[in-house]
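[1] all I have is the shape, not the residue letters:
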């Protein structure tokens, strides 16, 4: 899975989790202190969320930011407690921003 596919996955996961929790974009915006239009733009792929934005959204959804990322692990990646994996994915996302 390349970076763009991972970003698309993360964006889709945010929307899916928001819907599963029965929250509107407006409710998520109020909880995360982000504008509703920004949430809509993230979910539509028009805007790319920063790490701080992902943290705000995860907090608003009462989950870990790691929950937004695919569980797929490359064969050459070493998985300890998952922290290094998520750090690597965040670094890769930051490279395209």
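    It's in. Bear in mind the structure is a predicted one, so any value in this text is a computation, not a measurement.

[2] right, and residue 7 touches residue 93 too?
    Yes. Assessed by CB atoms under 8 Å, residue 7 is found in contact with residue 93 at 6.3 Å. All C-beta atoms are positioned from the backbone trio N, CA, C, and that covers glycine.

[3] list the residues that contact both of those two?
    Common neighbours of residue 7 and residue 93 are listed as residue 48 (criterion: CB atoms under 8 Å, 6 or more residues apart in numbering).

[4] quick one: the helices in the chain?
    Assigned by DSSP state H, the helices in the chain fall at 3-20, 25-32, 36-43, 51-60, 83-96.

[5] of the ones you listed, which is nearest residue 66?
    For residue 66, the closest of the helices of the chain is helix 83-96, at 4.6 Å, according to CB to CB.

[6] just want the angle from that closest one to helix 3-20.
    110 degrees (axes from the mean of the first three to the mean of the last three CA atoms, to 10 degrees).

[7] what's the closest non-adjacent residue to residue 10?
    Spatial nearest neighbour of residue 10, chain neighbours left out: residue 68 (4.7 Å); criterion: CB to CB, 6 or more residues apart in numbering.

[8] who touches that neighbour in this structure?
    Residues near residue 68 by CB under 8 Å, 6+ apart: 10, 13-14, 17, 54, 58.

[9] distance of residue 26 relative to residue 57?
    Residue 26 is 14 Å from residue 57, where distance means CB to CB, to the nearest Å.

[10] so for the two, which sits in the more crowded spot?
    Higher neighbour count among residue 26 and residue 57: residue 57, with 24 against 12, using other CB atoms under 10 Å.

[11] from residue 3, how far out is the more buried one?
    As judged by CB to CB, residue 57 and residue 3 stand 19 Å apart.

[12] and residue 2, its phi and psi?
    Backbone torsions for residue 2, taken as degrees, to the nearest 10, come to phi -80, psi 180.

[13] just for the protein, where's the confidence low?
    72-82, 96-97 (pLDDT under 70).

[14] 80 instead?
    1-2, 70-85, 87-89, 91-97 (pLDDT under 80).
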